[in-house]
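Trainee: Any chance you can model this:
(2 chains)
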2 protein chains.
Amino acid sequence: MIDDILRANQAHAKDFAANDAPSRPTKQLVVLTCMDARLRPEEFLGLSLGSAHILRNAGAVVTDDVLRSLVLSTRLMGTKQVLVIGHTNCALEGVDEVELGERTRAGELQFHVFDDLEGHVQAQVQCIESSKLLPDEINVRGFVYQVEDGLLRQVV
Amino acid sequence: MIDDILRANQAHAKDFAANDAPSRPTKQLVVLTCMDARLRPEEFLGLSLGSAHILRNAGAVVTDDVLRSLVLSTRLMGTKQVLVIGHTNCALEGVDEVELGERTRAGELQFHVFDDLEGHVQAQVQCIESSKLLPDEINVRGFVYQVEDGLLRQVV
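Mentor: Alright, predicted model coming up:
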């Protein structure tokens, strides 16, 4: 597996021509989405290399770690637009925290399950908007990505 | 900006043909890397849609949130191989926590800065390997991605 990946990477590096991309996101954009294997945010948002910071965790949840990353992104690297992108068929939708704790043998964790996908995205947007750590002037929008047809639907 | 993104997404959805990708990562792989705009892990690892969970935060740091996501990935979704990928020219390398706290007006946060990139990647690998929350049988490897030439370098 590691050998396959290193071979694929060597092929990638052969055609590599992006060594002058700046470290600050050129679109002043930061995206928070899920770790799900069916999501390729740069592709479904049409973003070229160097355009945006991409944050990903289970469920596109605004955790303390996401706030830490958003502080660095907005205050240090100049991003002004935040997109929160949940998705259909998420493993955290419609499940029970207690049952999930049993199935993963990690009952002490809070997994941030949810029942209503749009409501979940809205809550994450509000969490960013109300954070005292982030600049007032950032713009935050929420979307759902549909894994069935590749379309984005704006929620807020 | 939002209009541009929605237009780009509609173009993406027109060619979309991946509506049967399974939700479990087909390569049983989960990748942790940085939010940096110059990193496109699926591309530089040669991963097709549906292959791997992708976790991204500032610095590819193993935080509590990353452990939560790794528990779900390994115990619920069957991943067995973890790659931790730091990168050259990271904004958290060679800076000072206190100065960063002042510059971001968020001195109460721990940003997880580091001086030695290889040592940082090694420490994150060890953090995953020693976590009691994760299965014993997972395999964890650490890499550095070079933003200058697109190559991966194995650290551990």
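Trainee: lowest confidence element among the helices and strands of chain A?
Mentor: Lowest on mean pLDDT, DSSP states H and E among the helices and strands of chain A sits helix A:2-14, with a mean of 95.
Trainee: how about the helices in chain A?
Mentor: Taking DSSP state H, the helices of chain A run over residues A:2-14, A:41-44, A:64-71, A:77, A:97-103, A:117-129.
Trainee: Ok, which of those helices comes nearest A:Ile85?
Mentor: helix A:41-44 (6.7 Å; C-beta to C-beta). The C-beta positions use only the backbone N, C-alpha and C, and glycine is treated the same way.
Trainee: what about the nearest residue to A:Ile5 once chain neighbours are set aside, neighbour count?
Mentor: Using C-beta to C-beta, 6 or more residues apart in numbering or on different chains and skipping residues adjacent in sequence, the residue nearest A:Ile5 is B:Leu45, 5.4 Å away. Counted with other C-beta atoms under 10 Å in any protein chain shown, residues neighbouring B:Leu45 total 25.
Trainee: In stretch A:134-145, which residues are buried?
Mentor: Across stretch A:134-145, burial judged by 16 or more other C-beta atoms under 10 Å in any protein chain shown covers A:134, A:138, A:140-145.
Trainee: Output that stretch as CSV, restricted to C-alpha atoms.
Mentor: The C-alpha trace of stretch A:134-145 is given here as CSV (Å, rounded to 0.1, in the frame of the first residue of the first chain):
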residue,chain,number,x,y,z
LEU,A,134,-12.9,35.2,15.1
PRO,A,135,-13.0,38.6,13.3
ASP,A,136,-16.5,40.2,13.1
GLU,A,137,-16.1,40.9,9.4
ILE,A,138,-15.9,37.3,8.1
ASN,A,139,-18.8,36.0,6.0
VAL,A,140,-20.1,32.5,6.8
ARG,A,141,-22.3,30.4,4.6
GLY,A,142,-23.7,26.9,4.9
PHE,A,143,-24.3,24.2,2.2
VAL,A,144,-25.2,20.6,1.8
TYR,A,145,-23.3,18.6,-0.8
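Trainee: what distance separates that stretch from the centre of its chain?
Mentor: 12 Å (C-alpha atoms, centre = their mean, to the nearest Å).
Trainee: still on that earlier bit, now for the residue nearest to A:Ile5: which residues touch it?
Mentor: With contact taken as C-beta atoms under 8 Å, 6 or more residues apart in numbering or on different chains, B:Leu45 is in contact with A:5, A:8-9, A:12, B:31, B:52, B:83, B:152.
Trainee: Of those residues, which is the most crowded?
Mentor: In those, the most neighbours by other C-beta under 10 Å go to B:Val31, 27 neighbours.
Trainee: Chain neighbours aside, what residue packs nearest to it?
Mentor: In space, B:Val31 is closest to B:Leu83, 4.8 Å off (C-beta to C-beta, 6+ apart).
Trainee: in chain A, which segments are predicted with low confidence?
Mentor: Residues of chain A meeting the criterion pLDDT under 70: none.
Trainee: now do 90
Mentor: Within chain A, the stretches with pLDDT under 90 are A:1, A:17-21.
Trainee: Next up, the contacts around the residue nearest to A:Glu129 when sequence neighbours are not counted.
Mentor: Leaving aside its chain neighbours, A:Glu129 sits nearest to A:Val140 (5.4 Å; criterion: C-beta to C-beta, 6+ apart). By C-beta under 8 Å, 6+ apart, the contact list for A:Val140 reads A:82-84, A:125, A:128-129.
Trainee: and A:Val140, what are its bridge partners?
Mentor: Listed by DSSP bridges, the beta-bridge partners for A:Val140 are A:Val82.
Trainee: A:Thr79 and A:Ser51, how far apart?
Mentor: 10 Å (C-beta to C-beta, to the nearest Å).
Trainee: Name the residue in the two with the higher neighbour count.
Mentor: Set A:Thr79 next to A:Ser51 and count neighbours by other C-beta under 10 Å: A:Thr79 wins out with 23 against 19.
Trainee: Distance of that one relative to A:Arg24?
Mentor: Counting by C-beta to C-beta, the separation of A:Thr79 from A:Arg24 is 8 Å.
Trainee: same thing with A:Asn57?
Mentor: Separation of A:Asn57 from A:Arg24 (C-beta to C-beta): 23 Å.
Trainee: what does A:Gln146 give?
Mentor: Using C-beta to C-beta, A:Gln146 is found at 31 Å from A:Arg24.
Trainee: Make sure A:Pro22 is actually in contact with A:Gln28.
Mentor: No - if you go by C-beta atoms under 8 Å, A:Pro22 and A:Gln28 don't touch, sitting 11.6 Å apart.
Trainee: Which of those two has more residues huddled nearby?
Mentor: A count of neighbours by other C-beta under 10 Å puts A:Gln28 above the other of A:Pro22 and A:Gln28, at 19 against 10.
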